[in-house]
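Asker: Fold the stuff below for me.
(one chain, ligands or ions: 1)
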Amino acid sequence: MIIAVDGPAASGKGTISKGLAELYNLPHLDTGLLYRAVGYAMLDKLEDDNFENLAIDTAKTINLKNLDAELLGTPEVAYAASKVAKIENVRSALRQFQIDFAKQKTGAILDGRDIGTKICPNADVKFYITATPQIRAKRRTLQLLEKGLDVKESDILAQIIARDESDKTNPAGNFYKSQNAHLLDSSLLDIEGALRKAKTIVDEVMARQAG
Ligand code: C5P
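Answerer: Residues are numbered from 1 along each chain as shown. This next block holds a predicted model:
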């Protein structure tokens, strides 16, 4: 069983993916962490003339050991991630890693921006998770405050809107809802409700496949 979960920043896709991974005992890859790991390594080189080539070289070295969610969870790293995510050769360096992760015998769940469109177009189940920018900003602010970061909701909302725009206009990305993805709006449902709905859909697909 391969499950692809896409959606914008702080939509709840990570929480829903973790929940599904636990329910179905599937290995889970948060693919945003791959881009964040490259962004993190590039933090002091954002204005470097050789930025693109350095980011591509870094992307070729990324592996699971680089993916410290705690370290990579800051707004500065998110900004750098969305910058490196625009470089096609960074994307292609990270693509095979994601495809290999999805090929595991156990099956897998991957969340990101282009999982259903580009990385796993034949996934058994696809979800597109969304929520209003205001609700996403509220959630992300709470998460960051819990981590002890000093952040303001109005700043986080501005960053989320800027990142949405940057992602939407990413010429190297395929950041749209795959045609056969199930749309879950977590502003209407809340995360637990969205997870329950996602589980119902996965159970239906499993039952269909089994019989
Ligand atoms: O999901 P997360 O907020 O951690 O992603 C950080 C950034 O990485 C996104 O804003 C996006 O620019 C990039 N990204 C991407 N493709 C993915 C996952 C993330 O381009 N599959």
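Asker: can you pull out the strands in this protein?
Answerer: Under the criterion DSSP state E, strands of the chain are mapped to 2-6, 28-30, 108-112, 125-130, 182-185.
Asker: how about the ones you listed, which one is nearest Glu204?
Answerer: strand 125-130 (9.0 Å; CB to CB). In short, each C-beta sits where N, CA and C put it, glycine included.
Asker: who's in contact with Leu71?
Answerer: Taking CB atoms under 8 Å, 6 or more residues apart in numbering as the definition of contact, the neighbours of Leu71 are Tyr40, Val77.
Asker: Name the residues of the lengthiest helix in the chain that come out as buried.
Answerer: The helix spanning the most residues in the chain, taking DSSP state H as the definition, is helix 186-210. Along helix 186-210, the positions that meet the burial threshold by neighbour count (16 or more other CB atoms under 10 Å) are Ser186, Ser187, Leu189, Ile191, Ala194, Leu195, Lys197, Ala198, Ile201, Val202.
Asker: That helix relative to strand 108-112, how many degrees between them?
Answerer: Using axes from the mean of the first three to the mean of the last three CA atoms, to 10 degrees, the direction of helix 186-210 lies 150 degrees away from that of strand 108-112.
Asker: I would like the residues contacting helix 186-210, please.
Answerer: Helix 186-210 is contacted by residues 1, 3, 11-12, 15-16, 19-20, 23-24, 124-125, 127, 129-132, 135, 182, 184-185 when judged by CB under 8 Å, 6+ apart.
Asker: Spell out the residue ranges of the helices in this protein.
Answerer: Using DSSP H, the helices of the chain run over 13-24, 32-41, 51-59, 69-72, 75-84, 88-102, 133-146, 153-168, 186-210.
Asker: Would you mind telling me which of the ones you listed is nearest the ligand?
Answerer: Evaluated over the helices of the chain, closeness to the ligand peaks at helix 32-41, with 2.3 Å, by CB to the nearest ligand atom.
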